[in-house]
Structures are given as C-alpha cells and as structure tokens.
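**Q** Quick one: sequence and predicted model below, then my questions.
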Amino acid sequence: MVQLIPNHLKWIEVTMRRKLTLSVLFCLVLALFPSQTATVAVMSVDLGSEWMKVAIVKPGVPMEIALNKESRRKTPVAVCLKENERLFGDNALGMSVKNPKFVYRHLQSLLGKKHDNPQVAIYQKRFPEHKLVKDEIRGTVLFRNSEEMEYSPEELLGMVLNYSRALAQDFAEQPIKDAVITVPAFFNQAERRAVLQAAQMAGVKVLQLINDNTAVALNYGVFRRKDINSTAQNIMFYDMGSGSTTATIVTYQTVKTKESGTQPQLQIRGVGFDRSLGGFEMELRLRDHLAKLFNEQKKTPKDVRENHRAMAKLLKEAQRLKTVLSANADFMAQVEGLMEDIDFKAKVTRVEFEDLCADLFEKVPGPVHEALSSAEMSLDEIEQVILVGGATRVPKVQEVLLKAVGKEELGKNINADEAGAMGAVYQAAALSKAFKVKPFLVREAAVFPIQVEFTRETEEEDGSKSLKHNKRVLFQRMAPYPQRKVITFNRYTDDFAFYINYGDLSFLSEDDLSVFGSFNLTTVQLSGVGSSFQKHIDAESKGIKAHFNMDESGVLLLDRVESVFETIVEEKEEESTLTKLGNTISSLFGGGSSEPSTNVTEPVQDEEEVHPEAGKEQEEQGQKEEAANQEEKLEPQETPPQEEEAAPTQEKTEGEPVDTKADPQDEKEESKSGKAEDEKRTDEAEKTEAEKEVEKKAKPQKKSKISEDVAVELQVNDILNPSLEAITSSKKKLQDLTDRDLEKHEREKTLNSLEAFIFETQDKMYQEEYQAVVSEEEKEEITAKLSEASAWLDEEGYSATTKELREKLQELRKLCKAVFFRVEERKKWPDRLVALDNMLNQSSFFLRGARSIPEDDQIFTDVELKTLEKVINETTTWKNDTVAEQEKRSPTERPVLLSKDIEAKLSLLDREVNYLLNKAKFAKPKAKPKNNSTTTPPKSSSKANSSQTEDKVIPPEETKDQEGAEEIRPGEEHNTDSSSQSQPKDETVTIEGNDEVRPGEEPPIKEPAGQNTDSSSPSQLEDETATTESTEKNQSENHIGDEL
C-alpha cells in the first residue's frame, strides 16, 4: 500500500524556487562587478628608424600583430603637423610629397643628441626642408614648426607612441597602457632615457626597453623551445634595417633555476654594429642618382636638388626602385610632374645600384667581426647565421655576407619584419601580472662599459702628498644585466665626489665615437659623510658603499649611498626553551621590545661588490701601487680592528656590577670556622671572581652593522633630463593636440551624418512607401527644411562648430520622426500579424487537445485551461478590433495598431502555452492496477490496510528527488504476503525506476522483467490510484496558485 505525500513535493518546489532566486541574484551581483579582463591587454612597439610594428596580447588573442587603419602590418614612423591638421603613418608619408616641410621622420637618429653632434648635421643634410634650432636649456635640438611652435624629437616620438597605442587599442578593443618598446642595442644611456621620456609624455607605461636584437632572439627561441638543451647553441642574427646594422651572437641552452627548475635561456654573447649602414642610405644614393639623371636630360634650367618637393618625390621613387631591383635586373623609374609639370623617366639597372653602394657593401662584414671579437669566439663556433631586417633582402648584401661568414647558406627561417615585435610582446606578457607564460630566461648584455672615477690623496715615499686619480670598472663590456653592483670607498672620512663615466671605448670606430656624445655620465657629490663618522665615532668604519643598479631597460641608476659601520655587541646567554616560547607567543600578539631597532644593513643577495681593481696608471707603476690599492681596501682606518673590537668588551666588563651573593655565606662560615677558615674563603672568592672575569672576556662577541644614509646630489654630464615643468608642459601640448584631433574627428563625423541625412531624406520623399503616409503639408514642410539645411551647409556649414551641426541634425530628425515612424510600423505589420494568427491557431488547437484528455489521465487543472482560454479570447478580440479601427484611419495619421503591442500579445500567449507544455513534459503517468491471477486477497484485508494507511501517514524526510518524480512510500503495516514482508520498512520508491535509497540502507533489488512483484490486493491498488489522483490534483492547484 503506497501513499503520495503532497506536502513533501510542495516543500521541494519552494526550496527550488529559493535556490533559483539566490542563483539569479548571485549572477546579477557578479555582472555588476567590473570585468577583470577589460584592461589586461599589453602591447609591444618595434620602434625602427623608418617603420614600426605593433603587437598585442589579450585574453583569447596570443601574440598578434595589430593592423593599422589601412589594414597594413607595419606603419611608417612619421608625423605631419600642418596648421590644424595632424597625420600619422601612411597619411603623413603621403603628405611628405606635397609638403615635406611639415612631415617629421627618422627621429631615432636625433634622440639623446646635442645640437653640435655630427649626427644632427647629417640629418640636416638629408632633410634640408626642416629648420633645426638649439634648445638653450638642455643643449639638444628642436624642430621649429612655426614662429610660435617648436617640437623636440622626444615630443614627436611621444606622438608616434601615442598613435601606436591607439592602433593597439582599436585592434584589441580595450584600453592598453603597458608596453615593451624595442631600441637598438647600441643606444647609450642618454638615448635610452630619451625614449623613456617620450613614452612618459605619451602616457605609456614602459615595462621594459628591450634591445631589438634580444627581442628577435627571444622570438626565435620561444618557437624552438624543444630544440634547446643543455648543450650550448651559438646563433648569429644579422639585422640590417633602414638606419643601422647590428650583428648579435646569442647562446641558447637550458639552465637550472631555484624558482622554476630547468628552463631555456638565451644569453647575448657578442654585439657588433654600424650606425650608418642601412637601407635608407642606399635609397638616398638612388635618389641622388635619379636627380642627376633628370638634370642630365636638361628639360629645365633649374636644378632639381634645390626643389624640396621634387626631391621628396624622387626619394619615394627610389624606395620603390630599391625593392624592385632586389628581384629584377633593371627597372624603369618614372615620376609624373616631377617639377614644373615635367615628367621624369629613366632606366636603372641593378649593376648601377651596386656600383652606387659599393662602399656600403664593403662595410657588411664589419659588424660580424666586431661581434665575434666582443664574444671572443670564432666563426667555427657559430652554428647558423640568420637574416633579419628589410635591407637584408638586397641580393648583394646576402652575397657579401655569405662570403664573409663562410657558411653554406644564410638562415631565412624567421620573419624578418615582425620577429622583433613578436619577441617583445612575449616579454610584455611575461612581465605583466595578467598572463602566465612559459619561462624563458633572458640575459641582456651592456654594449658599453661603465666605470667609476675618483681622486684621493696619497703619500709618497719622501713624505709628500699628491692627488691620485683612480678608475674602477663598474660594468664591463658585454656584462649581463639587470644587475646590481656595490662599490666601497674606504679612505674617505669627509664629504667627497666621484664620477660615473663610460669605460674603454677603443673598440668603436672614429665615426661612432664622433656621434657617441659625452663620455661622462654623472658627477655624484656626497654630503653627510663627515657627520656620520662623528655620530659613530666609537664604531669601526666599513667604508662608503654606493649601490648601483642597471635595470631591465639597460639604464644605470644610483640607488643609494650609505656609510657603513660595525660595532661589537656581547651575545646574550642562551635562553631556555620556555623563555623562547614565551617570547614567540608575545611577539605574535603584538608584544616584544618597544625600543626601536638599530639600522642594521642586511646583506643584499643579488648585489655584487666591485673590488678596487688597478687601472692603467696603476699597472704602469707596478706592484707598489697594487699594494697601496690593497691597503686602501683592507685598512680603511688607522685604528687596528683588534683594538676597536676589544674596547667595547672592556667597557662592558668594567661597567658590570659586582656579584654579592657570596657575602651572607661568608658570614655564616666565619661564625662557625673562625678566622683561618675566613681567610681560606676569602682566597677562594677572589679566585672565583678572577675566573668569572676571564670567562666574560673569553665569551664570544657578535658584530653588528650600522648604516647611515648619505645625501646624494647628481649632476648629469651627457644630456640633461627635462625638468618636471617641461615634462608637464610637453604632456599638455600632446594632450591638446590629441583633444584637437578628437574634436576634429567628431566634427567630421557629425558633418557627414548631417549631409547623409539631408540627401537620404530628400530621396525618400519621392519613394512610394513614404508618399503613402505623408501629407502634402508635411512633405512641403520637410522638403523646405531640408533645402534650407543644405543651403546652410554650403554657405556656413563647413565653418560651423560641432555643436551647431549636431543641433541642426537633431532638428531635422525631430521633424521627420513621425513620418519615419509610420513607415516603419507599416513595414512590420504583415510579419507580426501573421505570427499572431499562427500563435492563436496553435494555442486554440492545444487547448482543444488538452480538454479532450480523459478525466482519469488529465494533468491540467480547470483553472489552467480556463486561463489559457481567456488569454486566447482576449487576444483575438483585441486583434480584430484594433485591425478594424486601423483600417478606418488615414495612412497619414498616427497608427493605433503598433508592432510593440502585437509583440506583447505574442509574448503573453507564448508564455501560457509554454507553461502548460512544460507541465505536460515533466508529468509522470499514473500507476495502473495489474491483474494478478494467482493471488486474490480478501476485500476486508485490503480495506483494513487502506484505512490503516490513511490514518498513519508519516511526514517526509528531506530527500533529493528526481525532478518531477512522484515519491511513493509503503504503509506502516505490512501484508502477510512473503513478498511484501521482504521489502524494507522505510524504503523510498520513485516512479520510472528512479530508486532513491536512504542512507545506511541497501539498494532495492529489482525483479526480472515480466515477473509480478506487486503483492497488493486489487482493493489496495484502487485506493492507491484514488489517493494519487487527488493528491496530484491538489499539487497542480497549489502549483498554479504559486505561479500565477
């Protein structure tokens, strides 16, 4: 005998609703939070002298080149500043042919250069249309754009970087601030600082300045990670770009690290470069050759070289000519309207091109030999030479290089244009906290050595004193970075100064030395050294320590300077275990000593101390000077260390109180033993005190270091950094230009919208669908307003502000709004009405089918069916009345049949029908009595069991039921039948075979198919069916009430 329990199902339903409500609320709260992936994208800028490539990494987009507005993968490094117009990239390059005076490019060669640098003169010769003036404050160069406006190379480069960020943001569809920027490996300290200043003006956060050769090597290694093992592989990358050439030797191998185990690593072993060897110099020679050919044709008495615009056209043709001659033996160069509407046409062969650049091709092996020399390697140790850069596509360059390296072939298995950008963006992702990439260790190398110079007073053998100039190498040539160094000055007890300069640059050529700039970096003036010695007069001096840091960008920084002293402190007696435990607990709960801790200098793990090595002058003077240098390091003060260490111990011993615990004992012994015994005790006490004093002296002592910060004043000797006011002014200047560009873009957008609206609306007034809904009065009014706006645009519109254009557009849209609304409604009526008719037919058919279900099998309540019938009738009535009323109205009047009302009726019908369909979908078939021919229990027993079951209904426990399953539970009393007695007493049975087993019980045993397992009588089954139907009906009514 089983009984359906409706309260239990109702409780499950309420619980499910509460869970659903909580889940929806939780999702809503999550949606209100800002997306964490909205601003995690990073970018890289491969900043070349002529072209730049921008790459991004964002969630779902790993390492992709950002396309510019012309859908090109590389963008010219050019900016045009003409009156109220600012152009970038290809647009600026196109303007260089018309107005070369306002287009600025090849800015890289002017970064970190003073006005008298030979590189500035070379730039002025290449671009005579620009007016370069001197910055009186910093001594650098400025571009005079007009009488009122001047721009520094850093500001122009900042504009380019800002534009590159805009390209990356448009491609990534999210804001980006973090970037890794590539720079040539031969950039010195002033040039690197100039790039950082340009990025600061543009508002770009630089994660790292990575050398372009390192970025290429990283890209090569990342995609060949599996080929790297513990055996060192030496690869040379030969990069010839537009402005310079660099040869780099890189060693790949796996190394073990504490943090991430065995990982691949690349190390820069050697670098050679040539600042003047590049594709742009070849193009300039081709340009001059074309100018010579044009003058020889004598089509005009004027010299084409004096016409800047004509020379810009020839340069553009020379760039195309160089590219074509790399694949063809000859080519016909031609320029339309070169000068005075005269066309130019001339044939140029590859042999002529190679003759023009013969001296340049002779320089091709130079960087290779220089790289081998700096790495102290031979060509036999180089496994492969890989080409990078656009200029390496010139056949003659490959021919000369292949002969110089002696290899069978040159490697071309890397993207020569995009390898730098892809390697830099991988590094950007590794430095960003938003991405997790596979570690790839990178060890950059400092191309130029850096040393510290200082002057100290020395005493000669004859007793005379003289000043001696000392040099200490801080970073050697090809020293890896990032790295920290510490240099100690031992013989200074008062304020002094030292100098940070470049080291031995004899490996550079005369041309490189002439454009290198100042060899002196910084003068460091220290103050507070003497006061620190007076403050710690009793301590032993460990020297003045200067902490240097060459960061990831290759920029040298002086972190701090400190005066270090050492004192000797007695070690405290070892505390007991309970005392240590008590002190630990006290410190955990905020206890401990309230005295301030002394300024103890902790040893820096990653800092390397520079020992005072002998310079050239000291080597000439021999071992005598070397001994003096060692004396400077080991004997910083006149007082021997042993004496200084003993003094604090002696003071502490002398200051200790005398132990008086023996006095009472002596008095007792004196009273007992007399005078002789007293003398004996006195001798023993004196002996004990002496032993204690010796023990205290022999007790181990602890050394404690004390550091005192020293004030530092820096004087930059190469290129002065712009002041904070200058940086702020440059930021404002660039932001004003950006705001002007945005305002111009918004005005152009509004103007285009207004023009398009006028022309489209004028055309619509003659279209059939608009003529059907517009009255003559409306048409005349709209046409007149449109004509008036069109005339206003021709006369005043192109000088009007954005606000005026927007107001004019809004006025016209408001005038035409009613007409457009009527047209749109009439377009939507057919589809909406057909959909409504179909829904009404389907709903009516469903209602008829639901009502045809027999009463015994009915799963819908009368309330549910009447509700659906009511909705169908109301919708049908509304549709017929509204359509009839709409047919009576004129097409020029506002319609009463609205598409949004039709959609609302469709939604209501769909909701009611779907509710009933879902109910029918999850409804379970009712249990039907089975014919048992073998056993027929008496009716009296079935009635008794039925009455007992109805009287004893046990409330349900919390169980997890199947969705929509009916829970059936046996009665309290068991039948006498053996099959019924074998069933568990508290078994929970679920229809459709979804047996639910209570905890601690064995699962029910399923009988084989076809075997009758029901031992209940027919009367029991009848009662069961009646109870199930009544309970299900109540359940459905309750569910309807809750839903409605």
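**A** Okay, I see it.

**Q** what comes up buried for stretch 380-399?
**A** 382, 385-394, 396-398 (16 or more other CB atoms under 10 Å). Just so you know, the C-beta spots here come from the backbone N, C-alpha and C atoms, and that holds for glycine as well.

**Q** and if you look at stretch 825-843?
**A** Glu825, Arg826, Trp829, Arg832, Leu836, Met839, Leu840, Ser843.

**Q** now for the buried residues of stretch 380-399, which pair is the farthest apart?
**A** Greatest spacing in those, by CB to CB: Ile382 and Gly390 (23.0 Å).

**Q** on that earlier part again, pipe the buried residues of stretch 825-843 into CSV and attach distance to Asn873 and secondary structure per row.
**A** Below are those laid out as CSV (distance: CB to CB, whole Å; DSSP: H, G, I helix; E, B strand; the rest coil):
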residue, distance to Asn873, secondary structure
Glu825, 26, helix
Arg826, 28, helix
Trp829, 22, helix
Arg832, 20, helix
Leu836, 14, helix
Met839, 14, helix
Leu840, 10, helix
Ser843, 10, helix
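
**Q** Which member of those residues is positioned nearest Gln197?
**A** Checking the buried residues of stretch 825-843 one by one against Gln197 (CB to CB), the nearest turns out to be Glu825, at 60.8 Å.

**Q** Low-confidence ranges, the stretch 651-800 of the chain, go.
**A** 651-701 (pLDDT under 70).

**Q** which ones are touching the nearest residue to Gly554 once chain neighbours are set aside?
**A** Among residues not flanking Gly554 along the chain, Arg192 sits closest, at 5.8 Å (CB to CB, 6 or more residues apart in numbering). Shown in contact with Arg192 (CB atoms under 8 Å, 6 or more residues apart in numbering): Gly112, Val183, Leu209, Ser553, Gly554, Val555.

**Q** Of these, select the buried ones using a PyMOL command.
**A** Buried members of the contacts of Arg192, defined by 16+ other CB under 10 Å, are picked up in PyMOL with:
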select buried, resi 112+183+209+553+554+555
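
**Q** from the contacts of Arg192, which two are the most distant?
**A** Gly112 and Ser553 (13.8 Å).

**Q** Just the ones of the contacts of Arg192 in strands?
**A** Among these, the ones falling in strands (DSSP state E) are Val183, Leu209.

**Q** Dump the contacts of Arg192 to JSON lines, plus distance to Val364.
**A** Conversion of the contacts of Arg192 to JSON lines gives the following (distance: CB to CB, whole Å):
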{"residue": "Gly112", "distance to Val364": "27"}
{"residue": "Val183", "distance to Val364": "23"}
{"residue": "Leu209", "distance to Val364": "27"}
{"residue": "Ser553", "distance to Val364": "30"}
{"residue": "Gly554", "distance to Val364": "26"}
{"residue": "Val555", "distance to Val364": "31"}
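
**Q** now, which of the contacts of Arg192 sits nearest Gly60?
**A** Among those, Leu209 lies closest to Gly60 (CB to CB), at 27.9 Å.

**Q** From what I see, that closest one and Ala179 are in contact.
**A** No: if you go by CB atoms under 8 Å, Leu209 and Ala179 don't touch, sitting 10.1 Å apart.

**Q** Can you pull out the low-pLDDT segments for the protein?
**A** Using pLDDT under 70, the flagged stretches of the chain are 1-39, 570-701, 926-1044.

**Q** who's in contact with the residue most central in space within the chain?
**A** Centroid-nearest residue in the chain, with CA atoms, centre = their mean: Val42, separated by 3.4 Å. Contacts for Val42 (CB under 8 Å, 6+ apart) come out as 56-58, 176, 178-180, 207, 425, 428-429, 431-432, 434-435.

**Q** List the beta-bridge partners for it.
**A** Val57 (DSSP bridges).

**Q** Any figure for the gap between it and Ser432?
**A** Distance of Val42 to Ser432, computed by CB to CB, to the nearest Å: 5 Å.

**Q** what do these two both touch?
**A** With CB under 8 Å, 6+ apart as the test, Val42 and Ser432 both reach Val57, Asp178, Leu207.

**Q** Can you give me the neighbour number for the first one?
**A** Other residues lying near Val57 total 25 when counted by other CB atoms under 10 Å.

**Q** list the helices and strands whichever strand or helix holds Lys313 packs on?
**A** For Lys313, the host element (DSSP states H and E) is helix 308-325. Applying 3 or more CB pairs under 8 Å, 6 or more residues apart in numbering; DSSP states H and E, one finds that helix 308-325 contacts helix 89-98, helix 279-297, strand 330-339, strand 342-349, helix 350-356.

**Q** Could I get the CA-only coordinates of it as PDB?
**A** Extracted in PDB, the C-alpha atoms of helix 308-325 (Å, rounded to 0.1, in the frame of the first residue of the first chain):
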ATOM      1  CA  HIS A 308      62.400  70.000 -51.800                       C
ATOM      2  CA  ARG A 309      59.100  68.800 -53.100                       C
ATOM      3  CA  ALA A 310      60.700  67.300 -56.200                       C
ATOM      4  CA  MET A 311      63.400  65.600 -54.100                       C
ATOM      5  CA  ALA A 312      60.700  64.100 -51.900                       C
ATOM      6  CA  LYS A 313      59.100  62.600 -55.000                       C
ATOM      7  CA  LEU A 314      62.400  61.200 -56.100                       C
ATOM      8  CA  LEU A 315      63.000  59.600 -52.700                       C
ATOM      9  CA  LYS A 316      59.700  57.900 -52.800                       C
ATOM     10  CA  GLU A 317      60.500  56.500 -56.200                       C
ATOM     11  CA  ALA A 318      64.000  55.500 -55.000                       C
ATOM     12  CA  GLN A 319      62.400  53.400 -52.200                       C
ATOM     13  CA  ARG A 320      60.300  51.600 -54.800                       C
ATOM     14  CA  LEU A 321      63.200  51.200 -57.100                       C
ATOM     15  CA  LYS A 322      65.400  49.500 -54.400                       C
ATOM     16  CA  THR A 323      62.700  47.000 -53.700                       C
ATOM     17  CA  VAL A 324      62.100  46.200 -57.400                       C
ATOM     18  CA  LEU A 325      65.800  45.900 -58.200                       C
END
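
**Q** Use 4 as the first number for this chain going forward.
**A** Shifting the count to begin at 4 puts that one at helix 311-328.

**Q** angle of that helix against strand 345-352?
**A** Per axes from the mean of the first three to the mean of the last three CA atoms, to 10 degrees, the angle that helix 311-328 makes with strand 345-352 is 30 degrees.

**Q** And the strands in the stretch 404-553 of the chain, which stretches?
**A** Shown for the stretch 404-553 of the chain, the strands assigned by DSSP state E, counting those that start in this stretch span residues 444-449, 453-462, 468-478, 482-484, 486-492, 500-505, 523-530, 543-553.

**Q** and the ones you listed as TSV, adding distance to Asn237?
**A** Shown next, in TSV, are those (distance: least, CB to CB, whole Å):
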stretch	distance to Asn237
strand 444-449	14
strand 453-462	26
strand 468-478	23
strand 482-484	16
strand 486-492	22
strand 500-505	28
strand 523-530	32
strand 543-553	24
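
**Q** nearest to Val916, of those?
**A** Per CB to CB, nearest to Val916 of the strands of the stretch 404-553 of the chain: strand 444-449, 65.5 Å.

**Q** and the closest one, how far from the chain's centre?
**A** 21 Å (CA atoms, centre = their mean, to the nearest Å).

**Q** Relative to Lys474, how far out is Asp562?
**A** 21 Å.

**Q** the more surrounded of these two?
**A** Lys474 (20 against 14).

**Q** what's the closest of the contacts of Arg195 to Arg129?
**A** Out of those, the member with the shortest distance to Arg129 (by CB to CB) is Gly115, at 18.5 Å.

**Q** List the contacts of the closest one.
**A** By CB under 8 Å, 6+ apart, the contact list for Gly115 reads Phe190, Asn191, Ala193, Glu194, Arg195, Arg196, Ala197, Gly520, Asp721, Ile722.

**Q** Repeat that for Ala775.
**A** The contact partners of Ala775, taken as CB under 8 Å, 6+ apart, are Arg829, Pro894.

**Q** Got the phi and psi for it?
**A** Torsion angles at Ala775 (phi, psi; degrees, to the nearest 10) stand at phi -70, psi -20.
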